[in-house]
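[1] sequence first, predicted model second:
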Amino acid sequence: QVQLVESGGGLVQAGGSLRLSCAASGRTFSVYTMGWFRQAPGKEREFVAAISRSGISTYHADSVKGRFTISRDNAKNTVYLQMNSLKPEDTAIYYCAASGSSYGPQIKRTTEYAYWGQGTQVTVSS
């Protein structure tokens, strides 16, 4: 089992940047594929980005490609989401999640992730 705690959210103007962090504790962090998801008010939770266990492979949703970057530091048991050129439509609660599945096309699905953090609010003003 693994526990996840996100941090780094906040209020930022459009065009600004934030870096989210997700610290993991419990079972060995490096065995998990990690993902970031977000949920805006009245909308379903949606996939943002995922990273393989080693950190070599990453995948970003089209809506954030070129603006957001997922990375991980297995020595620090932490996964990051660097968010640049933020837009008002990026406003949401951002969640990190851990999956015991191997990295592949399925990692965009929320059902692949057994462990979730509590979320951190990101608000982008226009």
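    On my side now, so go ahead.

[2] what secondary structure does the most centrally placed residue in the chain sit in?
    By Cα atoms, centre = their mean, the chain has its centre lying nearest to residue 36, at 2.1 Å. At residue 36 the chain is in strand, as set by DSSP: H, G, I helix; E, B strand; the rest coil.

[3] which ones are touching the nearest residue to it once chain neighbours are set aside?
    Nearest in space to residue 36, with sequence neighbours left out and distances taken as Cβ to Cβ, 6 or more residues apart in numbering, is residue 48 at 4.3 Å. Where C-beta positions appear, they are placed from N, C-alpha and C, glycine not excepted. Residues near residue 48 by Cβ atoms under 8 Å, 6 or more residues apart in numbering: 35, 36, 37, 38, 60, 61, 64, 68, 70, 81, 94.

[4] quick check, residue 48 in a helix?
    No - read with three-state DSSP, residue 48 is strand and lies in no helix.

[5] number the residues from 9 up from this point.
    In the new numbering, first residue 9, that becomes residue 56.

[6] can you show me the strands along the chain?
    Secondary structure of the chain (DSSP state E): strands at 10-15, 18-21, 26-34, 41-47, 54-59, 66-68, 76-81, 86-91, 100-107, 123-124, 128-133.

[7] nearest to residue 115, of those strands?
    Relative to residue 115, the nearest member of the strands of the chain by Cβ to Cβ is strand 54-59, separated by 4.4 Å.

[8] from the middle of its chain, how far away would that closest one be?
    6 Å (Cα atoms, centre = their mean, to the nearest Å).
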